[in-house]
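J.: predicted model and sequence follow; I will ask about them next.
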Amino acid sequence: TMASYSTQPTNAEKAVKARTAYSRVHYKNTHEAAAVLKGMTVPKAQKYLRDVIEHKDIVPFRVHTGGIGHHAQAKKWGMAQGRWPEKSCRFLLAVLQNIESNAEAQGLELAKLKITHVSVQRAPKQRRRTYRAHGRINPYMANPCHIQIIAEEKPEQVKKAAEPAAPKRRKPRLTQGASA
């Protein structure tokens with residue numbers, strides 16, 4: 001069966017797709033980390049994720065900001081809040097590795113591939129239990145996610161040739177007493 005994506009590339013021959021479903025990695029962290037990747041080239045995205053894992057760069061948290069601490073590194077992104085969600089970055093790197101393999105199979109140049117679509121969606125929660133005082137039991141839920149990435153090879157922007165300017169024609173002035 002054909003895997004469903006939330007969008008389709010404009011030119012299928014010049015695009016690569018990769019996805020993962022039911023990934024056991026926090027939805028919120030992955031959503032924030034993936035949002036940064038949109039618009040980057042694939043090699044740049046891979047370098048960025050590796051830098052986050054090594055704490056050389058940060059993932060700015062823009063949507064899920066409750067309880068997220070302020071860090072100086074986030075200033076680079078025009079934000080105050082940020083984290084280094086290593087597990088999320090590893091999962092995203094795995095999807096990008098798949099994009100890289102698919103690009104190689106399709107004969108596309110990796111450096112020209114720009115990430116045009118990134119989608120992280122909530123998957124069904126996974127249930128465990130934790131034991132509390134006085135014989136009670138509380139839920140201990142996991143929040144997995146589905147990840148989709150589409151990268152497209154963008155055509156080079158060609159500058160339009162300057163057309164010779166047509167001579168400007170003056171409007172004739174109205175003579176005294178005439179009406180328009």
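T.: It's in.
J.: grab the nearest non-local neighbour of the most centrally placed residue in the chain.
T.: The chain has residue 38 as the residue nearest its centroid, 3.1 Å off, counting by CA atoms, centre = their mean. Of all residues not flanking residue 38 in the chain, residue 118 sits nearest, at 4.9 Å (CB to CB, 6 or more residues apart in numbering). C-beta here means a position set from N, CA and C on the backbone, and glycine is covered the same way.
J.: low pLDDT regions in the chain?
T.: Where the chain drops to pLDDT under 70, the residues are 1-2, 165, 179-180.
J.: quick one, helices of this protein?
T.: Using DSSP state H, the helices found in the chain span residues 27-37, 42-53, 86-106.
J.: if we can go back for a sec, wouldn't the residue nearest to the centre of the chain be in contact with residue 117 here?
T.: Yes. The pair residue 38 / residue 117 is scored as a contact, 7.5 Å apart, by CB atoms under 8 Å.
J.: quick one on the thing from earlier: any chance of the helices of the chain in JSON lines, plus distance to residue 80 and mean neighbour count?
T.: Compiled in JSON lines, those are given as follows (distance: least, CB to CB, whole Å; neighbours: other CB atoms under 10 Å):
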{"stretch": "helix 27-37", "distance to residue 80": "14", "mean neighbour count": "22"}
{"stretch": "helix 42-53", "distance to residue 80": "17", "mean neighbour count": "19"}
{"stretch": "helix 86-106", "distance to residue 80": "20", "mean neighbour count": "18"}
